[in-house]
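Participant: The amino acid sequence is not available; the structure is as follows:
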């Protein structure tokens, strides 16, 4: 599995007792990149530091297996040393000359695949640029777990030097090693202020852009002289100048925006970055997304979806995919290789059956390495983003593949039919809680499809799925996920609902006019002219109008000029139309 997800709030705090001399979180690579090439890349796909800091080595930087289990884990890229003799990562140009060796401390995030036997070798040098450099081993407590750990090096080991270098390399026993969040700080015993773990709370959860409040506990203050600032929002709560232990509260921060809190007192500098939550709605069922978002925009930036890791975005592409018996609208989404996974939550369901359908087209497989490769790219998940039913692509040739279905991260449950690059495929995934069976229907006849239609693939789950409350589109790795387009996601509890929200002509005699709208009034009529629910979204998926009308007119004078998607529901039938307001 490429990525590990955590619902815990990640925060990055400087050492609470001193000054940061050097800090590196490895940036966020768009794919596996060798260290020399990565050091010349463009932010954020490069190292944080530039001249006089120099990076070298024979390892590479990856976004897979992101750091996540220690306080301050950045969760972006990490340096990877394969199980090959001589692999190393070197950092030159760190200047600690202004500090006493006894006060210089170091830390780094560390993951080793064979944690019981394989450990990285960590060394420092003050003459690494010479022909015969001297390297001194840095002792540290080994990582004895299969999870990321934060290694701390106490004062008195690293020297005071204007030419300090650090090197991480393979030891005598080879194994896969990952390094992240390297930091060197100056310890000051007089600095006693300590941050606690922050929490966040959305002030509201609406289809609009919301705000949140961050609460940051602290101890060890008092004595006066503290200055508290924040990069966003309004600072309030307890005052460290008068309250020894309390809570600093930062309010009115825009959702999705990380905020950095800075507390200073003389030479003592404390910084803490809180990752901003996405205050996004849980979609009600049946749920339909035609991806009517601006071309080039991030799917995770819309109000229906969340980015749940790092890397390149799943982005909106122009036009729709078309399938017999289905009327598409809006745009579509495209992704390839490694990068961000996008999650959309819906009403948590524990009984009956959940269905999800979408149209897809694998457009290019040249990046998929090896004669065969398999990856899962779409999944029904629990409300907490745990994978439950996974749809796989299994490469069978240069331009051919099979579908697979499983609850696990690998599968041999493969469809015997071979698909081709360029084929437009309609997929339905389902889970029946009553018999614990996951199913997939590939290219069903939509005019006859129902719950009794035999699935293309199915599998009884040994451990029944307790709940389903989310759907994920997943980018695996640079060499496994082909370039593909996905479109027209639908999620429902019955096939009738699934297909009814599929049809944009489900409302008989529906007319939406004028288009473009120039006078502030939109007219919507149908054969029955019953009461209609009207919801209008902008190109980013933000809901801008929600109303009901028993007449044919809808007042849209409050909307800015632009392109909008209108969702119309009448007597249980739903249709979607694109309009332009001038």
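Facilitator: That came in fine, so what should we check first? For clarity, every value in this text was computed on a predicted model and none was experimentally measured.

Participant: did I read that right, residue 102 in a helix?
Facilitator: Yes: applying DSSP: H, G, I helix; E, B strand; the rest coil, one finds residue 102 inside a helix.

Participant: mind checking how far it is from residue 186?
Facilitator: Residue 102 sits 10 Å away from residue 186, taking Cβ to Cβ, to the nearest Å as the criterion. The C-beta positions use only the backbone N, C-alpha and C, and glycine is treated the same way.

Participant: more crowded one of the two?
Facilitator: Shown here are residue 102 and residue 186; by other Cβ atoms under 10 Å, residue 186 has more neighbours (21 against 12).

Participant: Correct me if wrong: the more buried one contacts residue 104.
Facilitator: Yes: counting by Cβ atoms under 8 Å, residue 186 touches residue 104, with 6.2 Å between them.

Participant: overlap in contacts of the two?
Facilitator: The contact sets of residue 186 and residue 104 overlap at 21, 96 (Cβ atoms under 8 Å, 6 or more residues apart in numbering).

Participant: Need the contact partners of stretch 76-88.
Facilitator: By Cβ under 8 Å, 6+ apart, the list of residues contacting stretch 76-88 reads 25-29, 32, 35, 44-45, 57-63, 65-67, 89, 109, 111, 113, 120, 167-170, 174-180, 310.

Participant: and these, which are buried?
Facilitator: Neighbour counting with 16 or more other Cβ atoms under 10 Å marks 25-29, 32, 35, 45, 57-63, 65-67, 89, 109, 111, 120, 167-170, 174-180, 310 as buried within those.

Participant: Stretch 357-376: which residues count as buried?
Facilitator: 357-362, 365, 367-368, 373-376.

Participant: which among those gets closest to residue 417?
Facilitator: Checking the buried residues of stretch 357-376 against residue 417 with Cβ to Cβ, the nearest one is residue 362 at 14.0 Å.

Participant: could you point out the longest helix in this structure?
Facilitator: Identified as the longest helix of the chain according to DSSP state H is helix 495-500.

Participant: Relative to the whole chain's centre, how far out is that helix?
Facilitator: Taking the mean of its C-alpha atoms, helix 495-500 sits 30 Å from the chain's own mean (Cα atoms, centre = their mean, to the nearest Å).

Participant: For the chain, which residues score under the pLDDT cut-off?
Facilitator: Counting by pLDDT under 70, the chain has low-confidence residues at 1-18, 500-506, 539-541, 572.

Participant: can you give me the strands for the stretch 401-550 of the chain?
Facilitator: Along the stretch 401-550 of the chain, counting by DSSP state E, counting those that start in this stretch, strands occupy 419-420, 424-432, 437-442, 457-460, 468-473, 483-492, 511-513, 521-525, 532-537, 543-549.

Participant: Relative to the longest one, what are the paired strands and their orientations?
Facilitator: Here strand 483-492 has these sheet partners by DSSP bridges: strand 287-289 (antiparallel), strand 332-335 (antiparallel), strand 353-364 (antiparallel).

Participant: Bridging across strands, which residues link to the nearest residue to residue 35 once chain neighbours are set aside?
Facilitator: Of all residues not flanking residue 35 in the chain, residue 57 sits nearest, at 4.4 Å (Cβ to Cβ, 6 or more residues apart in numbering). Beta bridges link residue 57 to residue 89, judged by DSSP bridges.

Participant: next one: residue 78
Facilitator: Here residue 78 sits in beta bridges with residue 62, going by DSSP bridges.

Participant: Any idea how many residues pack against residue 50?
Facilitator: 13.

Participant: before we move on, what about the one 4 residues further on?
Facilitator: Other residues near residue 54 number 17, with proximity taken as other Cβ under 10 Å.

Participant: returning to that earlier point: please give me every residue in contact with the residue nearest to residue 35.
Facilitator: Counting by Cβ under 8 Å, 6+ apart, residue 57 touches 35, 79, 87-90.

Participant: next one: residue 213
Facilitator: 200-201, 203, 233, 249-253.

Participant: Who are the contact partners of residue 229?
Facilitator: 235, 261-262.

Participant: For this structure, which segments count as helices?
Facilitator: So, for the chain - with DSSP H - the helices run 35-38, 495-500.
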